[in-house]
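J.: give me a 3D structure for the following:
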Amino acid sequence: MSADVAGLRALVSTFPSALVGYSGGVDSALLAVVLRQELGPARMLAVIGRSPSYPAAQWAAAQAVAQQFDVPLLELETHELEDPAYTANPTNRCFFCKTELWRQLIPTAHARGLAVVCDGTNADDLREHRPGYAAGRAAGVRSPLAEAGFSKADVRHAARELGLPVWNAPAAPCLSSRVAYGLTITPQRLAQVERAEACLRELGVTGDLRVRHHGVRARIEVEPSWIEWVTDRLATVRERFRALGFAEVDVDPHGYRRGSLLSPSARA
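T.: Sure thing, here's the model as predicted:
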C-alpha cells in the first residue's frame, strides 16, 4: 500500500518547529515544501550544507524549488574535506560527512529555537548501504518520510502532485560518491567528476548518470538505453575527458546502478 501526503502532513504538523537538511533532491525538496505548508515560514527552515562535494547543478535546483514554494533557506559551509577520516574515503565515508553536516545544523536549530531537526531519508533508503543515516540517528535527527512509510516511488508521486519541478529528477548524491573507495577525496577529483558529468549532459545524455573516478581511469555509467549511444561517441568523450585529466575512459556495460562501487566489478 502506498503512503500518501496526508499522512506525512499529519506527522509533521505535530512538530512545534523544524529544520531540514536540504540538498534540493526530490526527497528533501518534498519534505521542505510540506514543512513550509504545514508549519509556515516562521516555524521551519531548510538548510543547505555547501562544500566542494555538493554539485553546482543540485544547488541551482535547490534554490529554484525554495524560491518557487517560498521555503526559508539558509546556506552553511561544511568542512568534511578537512577530516582525514572522510578524505581517506572508506566505505563508511558518508558517516563522517553527515557527522559534519549535523555538527553544523543542530546548533543552528538550537540557536533559532527550532525543535526538530530532520532529513530526507525515505523508507527505501533504510534497506541500502547508508552509513550517513547512522550519523543522523546518533545526532537525534528525525526522518519523517521514512517514518510515514514513503518509498522513493511515493516521494516522486507526491512531489509530482504538489508540482515540484524535481519530481522526476535523477538522483544526485554528493560528488564524493563517484570516487572509488580508498582513493583520497580531493577538491580536484571532485571537480573532475563534476565537469565530466556536465560534459556528458552537454552532449545530450539524460537520466541517471555517473562518472566513477578510479584514479587515472573514468568509468561511465548511464541508463541501459544510453549505453550504445555513448559507446558510439566514445572517441569524442575520451578526448574531452583527457582534457580533464583522465588517461583512460570506458563505459560500464552493466549501466548505471546504485552502489556499484561496492561491487567487485567496480574494481575490475
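J.: got the buried residues for stretch 49-56?
T.: Gly49, Ser51, Pro52, Ser53, Tyr54, Pro55 (16 or more other C-beta atoms under 10 Å). (Glycine included, C-beta is placed from N, CA and C.)
J.: let me fix that: stretch 155-166
T.: Val155, Arg156, His157, Ala158, Ala159, Leu164, Val166.
J.: what average pLDDT does it get?
T.: Average pLDDT, stretch 155-166: 96.
J.: just to revisit the earlier point, with distance to Gly136 as added columns, please give the buried residues of stretch 155-166 in a markdown table.
T.: Converted to a markdown table, those look like this (distance: C-beta to C-beta, whole Å):
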| residue | distance to Gly136 |
| --- | --- |
| Val155 | 17 |
| Arg156 | 22 |
| His157 | 24 |
| Ala158 | 21 |
| Ala159 | 21 |
| Leu164 | 23 |
| Val166 | 22 |
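J.: nearest to Gly25 among the residues you listed?
T.: Taking C-beta to C-beta as the measure, Val166 is the one of the buried residues of stretch 155-166 closest to Gly25, at 7.0 Å.
J.: residues touching the closest one, list them.
T.: Val166 makes contact with Gly24, Gly25, Val26, Ala29, Ala61, Val65, Ala159 under the criterion C-beta atoms under 8 Å, 6 or more residues apart in numbering.
J.: now Val71
T.: Tyr22, Ala32, Val33, Arg36, Pro41, Met44, Ala46, Val65 are the contacts of Val71 under C-beta under 8 Å, 6+ apart.
J.: are any of these buried, and which?
T.: By 16+ other C-beta under 10 Å, the contacts of Val71 give Tyr22, Ala32, Val33, Arg36, Met44, Ala46, Val65 as buried.
J.: what about the last one, helix or strand, and which?
T.: Element membership for Val65 (DSSP states H and E) is helix 56-68.
J.: end-to-end on stretch 38-49?
T.: By C-alpha to C-alpha, to the nearest Å, the extent of stretch 38-49 from end to end equals 24 Å.
J.: avg pLDDT for it?
T.: In the prediction, stretch 38-49 has an average pLDDT of 98.
J.: ok, now stretch 68-84?
T.: 97.
J.: show me which residues of that stretch are buried.
T.: Those would be Phe69, Val71, Pro72, Leu73, Thr78, Glu80, Leu81, for stretch 68-84 by 16+ other C-beta under 10 Å.
J.: next one: stretch 201-218
T.: In terms of neighbour count (16+ other C-beta under 10 Å), stretch 201-218 has its buried residues at Val205, Asp208, Leu209, Arg210, Val211, Arg212, His213, His214, Ala218.
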